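J.: Model the following, please.
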Amino acid sequence: MRSTVAVIIPCYNAEKTICRALGSILAQTYKPTEVLVINDGSTDSTAASVNQWIRENQPPYVIKLISQDNKGPSAARNRGIVTANCEYIAFLDSDDFWLPNHLNVGMSVLLDNSNENIVVSSSPLVNGKLIQQKTKNGIKFRNISFYFMLFLQRGFCTPGTIAKKEDIIEAGLFPESRRYAEDLELFLKLRGKVSRWLTISSPQTVVCDKHLWASGAGLSSNHWEMYNGTVIAALNALKLSSIPSYLLEPVIRTYFFGKYLRRLVYLSAKGAYQGIFHRPSTGGVDP
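T.: Model (predicted):
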């Protein structure tokens, strides 16, 4: 039986990339039931670009453009999740795109295990480079544990993740009060609720440079705020763990502060970071 899946795309000033993302959905061998584009207060021609693409391509599924005041990517994704009329939710960012078999591969394993609560996430390609190792024996799936995701921050790629809508809502949706590591917090909480989190060994999602912490671009380049956001996400998610959070909090803070320093040293050596001991301001950041 073919289950319904909604694609959620938050976008902010994405006039140059949104049509590529929409085109990759249209090229899927497993077509979605609906696509929800959440225009998060864009000041460019994002909305016009989406409407023009719809007129020119006439996709064989429902596609809705929902506009709201600028509230950030978490609020935009949450708006799409609660609005969707499908059993499954697939996330995609406006400046990323999928390879043609992304939904087919992900939905196949979800439907083959429909008696379980499972999340599927594909390994990402960044500028054609695979971030996680590719298997030589076809597509395989690796079950990612809660603590693997927590400490290594691997095993998930937001624009490559597919999950049941009810599981996402039960996990608490994306925290809207923060702009850093909000996806990590939700996915850790989601991992604590589902039976398995499967990472696809064969990459199905192509992401842009902003997803690389070493690139010095996008929200992830604000390393001090990313450190703080990661610690908050970890501590909030650990409330669902069987281990008392007060026992793990010193470990969490020390571990991630060490990773923060390592990143700065690495970027300094590569000439990609100026002012290694300067903490970035906490002023507003565009999503």
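J.: average pLDDT for whatever helix or strand Gln204 lives in?
T.: Assignment of secondary structure by DSSP states H and E places Gln204 within strand 196-207. What strand 196-207 shows for mean pLDDT is 88.
J.: And for stretch 246-263?
T.: Per-region confidence: stretch 246-263 scores 85 on mean pLDDT.
J.: any residues touching it, and which ones?
T.: Residues outside stretch 246-263 that contact it (CB atoms under 8 Å, 6 or more residues apart in numbering): 151, 213-214, 223-224, 226-227, 230-231, 234-235, 238, 241. C-beta coordinates here come from the backbone N, C-alpha and C atoms, glycine included.
J.: Would you mark the buried spots in the next helix or strand along the chain from the strand holding Gln204?
T.: The C-terminal neighbour of strand 196-207 among helices and strands, as given by DSSP H and E, is helix 223-237. Of the residues in helix 223-237, those buried by neighbour count under the rule 16 or more other CB atoms under 10 Å are 223, 225-237.
J.: Could you single out the nearest of those residues to Asp112?
T.: Ala237 (28.0 Å; CB to CB).
J.: by contact count, what packs against the helix or strand that Ala75 is a member of?
T.: For Ala75, the element it lies in under DSSP H and E is helix 73-83. Under the contact criterion of 3 or more CB pairs under 8 Å, 6 or more residues apart in numbering; DSSP states H and E, the helices and strands touching helix 73-83 comprise strand 5-11, strand 34-40, strand 62-68, strand 88-91, helix 165-171.
J.: Quick one: mean pLDDT for that helix?
T.: For helix 73-83, the mean per-residue pLDDT is 97.
J.: Same check on stretch 171-179?
T.: 91.
J.: circling back to that earlier point, adding mean neighbour count and distance to Leu99, write the helices and strands packed on helix 73-83 out as CSV.
T.: Conversion of the helices and strands packed on helix 73-83 to CSV gives the following (neighbours: other CB atoms under 10 Å; distance: least, CB to CB, whole Å):
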stretch, mean neighbour count, distance to Leu99
strand 5-11, 26, 14
strand 34-40, 25, 17
strand 62-68, 15, 20
strand 88-91, 25, 13
helix 165-171, 18, 23
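J.: Now distance to Ser195 too, for the ones you listed, in TSV please.
T.: Shown next, in TSV, are the helices and strands packed on helix 73-83 (distance: least, CB to CB, whole Å):
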stretch	distance to Ser195
strand 5-11	20
strand 34-40	27
strand 62-68	30
strand 88-91	16
helix 165-171	10
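J.: And for Thr29, the neighbour number?
T.: Thr29 is flanked by 10 other residues according to other CB atoms under 10 Å.
J.: what do you get for Ser24?
T.: Counted with other CB under 10 Å, residues neighbouring Ser24 total 19.
J.: ok, it touching Phe97?
T.: Yes - when contacts are counted by CB atoms under 8 Å, Ser24 is listed as touching Phe97 (3.7 Å).
J.: Pull out the buried positions in the helix holding Ala75.
T.: Applying a neighbour-count criterion of 16+ other CB under 10 Å, the buried positions in helix 73-83 are Pro73, Ser74, Ala75, Ala76, Arg77, Asn78, Arg79, Gly80, Ile81.
J.: Quick check: which ranges of the stretch 1-150 of the chain have low pLDDT?
T.: Applying pLDDT under 70 to the stretch 1-150 of the chain picks out residues 1-2, 127-139.
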